[in-house]
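>>> Can you look at this prediction? I've put the sequence above it.
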Amino acid sequence: MDWIDKAIRDLCELPDRSSPEDDQEAIVATPGEIRAAIEANMPAGVTCLQRKAIDGLLALAGATFFALDDSEESSDGKVLIEQQHMSEMSAALDALDELPDDQPGYVMNETAKAAWALRDLTPNAG
């Protein structure tokens, strides 16, 4: 079991939590609980670049969590997100965009840059 599996296990074992009835595989956790599980299981020796990628992904996850939590679905099937939340998600993506784009032969988007920065920590990630 690698460190990511251990962090997921810790999230699944949060006390007083249940998955939603319509999605039994969902994990219900706050951004702070996600951060705590990752930090508790992360291997020693994380580089500054890896920390920047992790922090950026956590900021994006947190901003998205709150944006979706406060969103509302309109009658035409669109989802309305408050401008403040949209700005926070955009800022998180901008921070990820600052990561190096150094994978040979690829032009990388923000999340691909984060995945590339974390490749040594997530060797099995696709």
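That came in fine, so what should we check first?
>>> Was I right to think I38 contacts A7?
Yes - here I38 reaches A7: they are 5.1 Å apart, a contact under Cβ atoms under 8 Å. C-betas here are computed from N, CA, C, even on glycine.
>>> Please list the residues outside the host helix or strand of A112 that contact it.
Per DSSP states H and E, A112 falls inside helix 110-117. Residues outside helix 110-117 that contact it (Cβ atoms under 8 Å, 6 or more residues apart in numbering): 49-50, 52-53, 56-57, 93, 96-97, 99-103, 106, 108, 122, 125.
>>> Mark which of the residues you listed are buried, thanks.
50, 52-53, 56-57, 93, 96, 99, 108 (16 or more other Cβ atoms under 10 Å).
>>> so can I have a markdown table of those showing pLDDT, secondary structure and distance to A67?
Compiled in a markdown table, the buried ones among the contacts of helix 110-117 are given as follows (pLDDT from 0 to 100; DSSP: H, G, I helix; E, B strand; the rest coil; distance: Cβ to Cβ, whole Å):
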| residue | pLDDT | secondary structure | distance to A67 |
| --- | --- | --- | --- |
| Q50 | 91 | helix | 26 |
| K52 | 93 | helix | 22 |
| A53 | 93 | helix | 21 |
| G56 | 94 | helix | 16 |
| L57 | 94 | helix | 15 |
| L93 | 95 | helix | 12 |
| L96 | 94 | helix | 16 |
| L99 | 93 | coil | 22 |
| M108 | 91 | coil | 24 |
